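J.: Based on what follows, work out the 3D shape:
(chains A, B, C and D)
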4 protein chains.
Amino acid sequence: MDKLDNVIVHVGGNNLREAKELAQHAEQIGANAISSLPTVFLRPKNVQALVEYLRELSEAAPTLPLYYYHIPSMSGVNLCMEELLDAIGDSIPTFRGMKYTAADLHDFGRCITHSNGKYDMLYGNDESILAALSFGGKGFVGSTYNYSGKMCNRVIDAFNKRDLETARSEMFKVQAFVSVLKKYGGSVDANKCIMVLSGLDVGPPRLPLIEFTKENRENLQKDLEAVGFFGLI
Amino acid sequence: MDKLDNVIVHVGGNNLREAKELAQHAEQIGANAISSLPTVFLRPKNVQALVEYLRELSEAAPTLPLYYYHIPSMSGVNLCMEELLDAIGDSIPTFRGMKYTAADLHDFGRCITHSNGKYDMLYGNDESILAALSFGGKGFVGSTYNYSGKMCNRVIDAFNKRDLETARSEMFKVQAFVSVLKKYGGSVDANKCIMVLSGLDVGPPRLPLIEFTKENRENLQKDLEAVGFFGLI
Amino acid sequence: MDKLDNVIVHVGGNNLREAKELAQHAEQIGANAISSLPTVFLRPKNVQALVEYLRELSEAAPTLPLYYYHIPSMSGVNLCMEELLDAIGDSIPTFRGMKYTAADLHDFGRCITHSNGKYDMLYGNDESILAALSFGGKGFVGSTYNYSGKMCNRVIDAFNKRDLETARSEMFKVQAFVSVLKKYGGSVDANKCIMVLSGLDVGPPRLPLIEFTKENRENLQKDLEAVGFFGLI
Amino acid sequence: MDKLDNVIVHVGGNNLREAKELAQHAEQIGANAISSLPTVFLRPKNVQALVEYLRELSEAAPTLPLYYYHIPSMSGVNLCMEELLDAIGDSIPTFRGMKYTAADLHDFGRCITHSNGKYDMLYGNDESILAALSFGGKGFVGSTYNYSGKMCNRVIDAFNKRDLETARSEMFKVQAFVSVLKKYGGSVDANKCIMVLSGLDVGPPRLPLIEFTKENRENLQKDLEAVGFFGLI
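T.: Numbers count the residues shown, from 1 in each chain, chains lettered A, B, ... in the order given. Next comes the predicted model:
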């Protein structure tokens, strides 16, 4: 792991026992932190259940910061994160924040107000990081950063210089390529194909996702070229 | 209407014929513009159908600017607004923009890019106007402005001065009161009760909404006091 | 109205006042009953609000039986109908039942149990009337009956004779044509096109629905022929 | 396993590799069949992807019949099962049918028509098995059968004797207890509590589900007594 500054290991899945095993392993190999989805088949029904889940998980890796992964569109768990922070209170010493992948800027803003800097509120909608920045967001985690990191850093840099016009125009360039990504379904299969086209070949997606056909890949490439993508990354 | 600078009459509902009658009436009485929801029972299935609806409606009031009211959470019509702008093209001369009441800042940003200043993109999520401002939004239409106008103008003014810290802290004050509004259901019944408490008594809501009980109104007042609401409006 | 045995006038829409006017008109012209959707933009939030709406509406036509139109997929109002019957109790003397257009046979069965014959529970999912029959349903209201009446009566007749094999095979013939209807979107535009093809030309749909093109109509006709539709109606 | 006639091992989860390992293990220990959910985080986007998933899984246990577990309310995978059967065709020799846990009797009926007896269409909505029976369903898999088996067998027996009145009245007794189950959330935590109350103590649910408190359990018991549950099982 010597090439990476900060390794957060995701340990969640469908059951707490495996998540705890993965958390222990992450601690043993020297990860910097762990992160977890909620269980996604039998889901926590309320924030109290989610707190119990996170508390038990945290005890499996008591030296590692713990992040919750909030992505209701994928996990089906659409609880109010402000209520989660309220319910956690001081009961999970290693709890450090969350990846917030949702468009609800009211809840996101309330979490920032609530935590008052205590927690990392890492935003996960890559195509609207400028909104999160304006709400005080300071960290971002997203799958497109495998290739869009420079584009998004330009948004952040301009914002930090209070050059909002540049920030906006750079954000809109990101949005133009995200429109292409969405045209091709917006999921990991399209994402991995863009990684290949960007020179980062991490292999095909696993079933039930299916590798893009040559024709689809070529069309995707043309659409990316049409929005100037390859000159921006 | 002499006390109001700009009157936009909403004419939409469940059928085009009535919408056209209301549009003609709005033109006759000197309204500044008309606005329309899509029909909300038999809904437009795609942007082409929505364009046909808007085109026919526009012809009923050919001198008035026309705005589309995009509020998928209420109307059930969740079409892509960038595609709507594409499909309208130059075919509706009076089309002037939309009220955009949704959290999809990707679509909102794409509409701003697409229209390049040609259309008014009026944002409708009062609790996150700072996000719309950062994306270039310049106009806002919302039900809470009946009482929160000064609070929200402070967000806008600070943003326009590039004082982002103040803009954010004023935005978070708005969010604190919106949390109270949401606690009481977030709909027109709660809104009207806050209007009464704010000194703007426009009467009770109509069925199927039910006027707040005295007890509910007093609890709402206490919750609003707890977030300093009455000192902010 | 002399050609029709039983005329139920639908009066619902987006506001109670117009619904009451239509209810009064229906009473004056000698309709047999009235029916109403909930309001579909600002919707009743709970059964209590819906009861208030129905109670006021019933008073506008105090001599006419009143039916509620439960169709959550279209109206967006997905309340529990068993709870509605509980909440109505004896408070609306003219309340006579509902058109139940939803697949929730638990709620439908509970309403039949609850009303114990007092109310008409009219089922509205034409493609699964055999299920409603098995649960004790005795009446059916649906848009496809403009042409599928004979097909569906064969299901009912066979069921009433306890000839379940025939009932099932006739039901499956209905399902085969409904699959075609769904292939073409399943809405009023396709329905009206099938009416035309069936010899019942009631004119094109209104915007925002769009009349089928000649090509679409011919394809629809071929698909209907392929499932033997025209020999069954 | 000598006390059970027919053991179907569920092997699905969040990734195909583990599902294959579990399938191989099931084959080795002499299970009668395997069953699988789709992956529930990165989900199959269309029936083709699901066929690929099932085909690979089937090859891990080539001697065991394979069932697909269709439960869109939990898995988030709401594909048309008639289309799945079409897409499978003859390509998965061990495919034997599915557990169909959804209220869509059109799709369910179409699958029965389509498979013409080739596949087992096992229905999973315990509270409406009478509907599935009327559509030709012959098998049922459900969590409440841990205690409601006798009640549901009375429905089936009466139906098979063409005593539809008894079938219906027995079905409505099941629905009465399912209303209680739903009042307590309708999930595995309530189900396990009813198991305990029924004399089948299989232990508490696992996190993120939480064991019922003593008070909740006693209330649940009273509500079950009120519908005569304990005299029926």
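J.: Output the longest helix belonging to chain A.
T.: When chain A is parsed with DSSP state H, its longest helix is helix A:164-183.
J.: end to end, how far does stretch A:198-211 reach?
T.: For stretch A:198-211, the first-to-last residue distance is 16 Å (C-alpha to C-alpha, to the nearest Å).
J.: hmm, back to that, by contact count, what packs against the helix or strand just after the longest helix of chain A?
T.: Downstream of helix A:164-183, the first helix or strand assigned by DSSP states H and E is helix A:188-197. With contacts taken as 3 or more C-beta pairs under 8 Å, 6 or more residues apart in numbering or on different chains; DSSP states H and E, helix A:188-197 sits against helix A:145-160, helix A:164-183, helix A:214-226. C-beta: built from backbone N, CA, C; applies to glycine.
J.: on that earlier part again, can you tell if the longest helix of chain A touches chain D?
T.: No. Counting by C-beta under 8 Å from any C-beta of the partner chain, chain D has no neighbours in helix A:164-183; the shortest distance is 13.4 Å.
J.: again with stretch A:214-231
T.: No. Using C-beta under 8 Å from any C-beta, stretch A:214-231 stays clear of chain D, with a minimum separation of 13.3 Å.
J.: what residues does chain A put near chain B?
T.: Contact residues, chain A versus chain B (C-beta under 8 Å from any C-beta): A:82, A:103-106, A:109-110, A:112-113, A:125, A:127-128, A:130-131, A:133-136, A:162, A:164, A:167-168, A:171-172, A:175-176, A:178-179, A:182.
J.: re earlier: the longest helix of chain A versus helix A:188-197: what angle between them?
T.: Helix A:164-183 runs at 110 degrees relative to helix A:188-197, counting by axes from the mean of the first three to the mean of the last three C-alpha atoms, to 10 degrees.
J.: For the closest residue to chain C within chain A, which residues are in contact?
T.: Residue nearest to chain C within chain A (C-beta to the nearest C-beta): A:Asn78, separated by 16.8 Å. Each residue near A:Asn78 by C-beta atoms under 8 Å, 6 or more residues apart in numbering or on different chains is listed here: A:Pro72.
J.: Next one: A:Ser115, what pLDDT does it get?
T.: What the model reports as pLDDT for A:Ser115 is 85.
J.: again with A:Gly13
T.: 86.
J.: for the one 5 residues further on, same thing?
T.: A:Glu18 is assigned 95 on the pLDDT scale.
J.: Name the helix or strand for it, please.
T.: Counting by DSSP H and E, A:Glu18 is part of helix A:16-28.
J.: hmm, who's touching that helix?
T.: So helix A:16-28 is contacted by A:9, A:11-13, A:34, A:36, A:39, A:53, A:56-57, A:60-61, A:63-64, D:206-208 (C-beta under 8 Å, 6+ apart).
J.: Just the buried subset of these, please.
T.: A:9, A:11-13, A:34, A:36, A:39, A:53, A:56-57, A:60-61, A:64, D:206-208 (16 or more other C-beta atoms under 10 Å in any protein chain shown).
J.: Report the lowest-confidence entry in those.
T.: By pLDDT, A:Gly13 ranks lowest within those, coming in at 86.
J.: now it: how far from A:Ser35?
T.: The gap separating A:Gly13 from A:Ser35 is 12 Å, by C-beta to C-beta, to the nearest Å.
J.: Then A:Pro204?
T.: 25 Å.
J.: which of those two has more neighbours?
T.: A:Ser35 (24 against 14; other C-beta atoms under 10 Å in any protein chain shown).
J.: just checking, the more buried one is part of a strand?
T.: Yes. A:Ser35 forms part of a strand when assessed by DSSP: H, G, I helix; E, B strand; the rest coil.
J.: Can you read off the pLDDT for it?
T.: 98.
J.: For it, which non-adjacent residue is spatially closest?
T.: Nearest non-adjacent residue to A:Ser35, counting by C-beta to C-beta, 6 or more residues apart in numbering or on different chains: A:Tyr67, 4.1 Å away.
J.: Quick check: which ranges of chain A have low pLDDT?
T.: Scanning chain A for pLDDT under 70 picks out the ranges A:1-3.
J.: swap the cut-off to 90 and go again
T.: Flagging of chain A using pLDDT under 90 yields the residue ranges A:1-6, A:13-14, A:115-117.
J.: give the contact list for A:Asp120.
T.: A:Asp120 makes contact with A:67, A:96-98, A:138-139, according to C-beta under 8 Å, 6+ apart.
J.: Quick check on it: phi, psi?
T.: Main-chain dihedrals, A:Asp120, degrees, to the nearest 10: phi -80, psi 120.
J.: how near is it to A:Phe135?
T.: Distance of A:Asp120 to A:Phe135, given as C-beta to C-beta: 14 Å.
J.: Could you do A:Ser128 as well?
T.: From A:Ser128 over to A:Phe135 (counting by C-beta to C-beta), the distance is 11 Å.
J.: what residues are shared contacts of the two?
T.: B:Ala131.
J.: coming back round to it: if we take the buried ones among the contacts of helix A:16-28, which one ends up nearest to C:Gly199?
T.: Set against C:Gly199, the nearest of the buried ones among the contacts of helix A:16-28 by C-beta to C-beta is A:Thr39 (56.2 Å).
J.: quick one on the thing from earlier: who does the residue nearest to A:Ser35 bridge with?
T.: Using DSSP bridges, the bridge partners assigned to A:Tyr67 are A:Ser35, A:Gly97.
J.: and the nearest residue to A:Val174 once chain neighbours are set aside, what does it touch?
T.: Using C-beta to C-beta, 6+ apart and skipping the chain neighbours, the partner closest in space to A:Val174 is A:Met151 (5.2 Å). Applying C-beta under 8 Å, 6+ apart to A:Met151 gives the contacts A:170, A:173-174, A:177, A:232-233.
J.: interface residues of chain A facing chain D?
T.: Residues of chain A lying close to chain D (C-beta under 8 Å from any C-beta) are A:13-17, A:37-45, A:48-50, A:52-53, A:56, A:74-76, A:185, A:187-188, A:206-210.
J.: Among the contacts of helix A:16-28, which ones are in strands?
T.: A:9, A:34, A:36 (DSSP state E).
J.: Put together CSV for these, with distance to A:Gln28 on each row.
T.: CSV is the format used below for the ones in strands among the contacts of helix A:16-28 (distance: C-beta to C-beta, whole Å):
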residue, distance to A:Gln28
A:Val9, 11
A:Ile34, 12
A:Ser36, 17
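J.: Show me which of these is closest to D:Leu220.
T.: A:Ser36 (30.9 Å).
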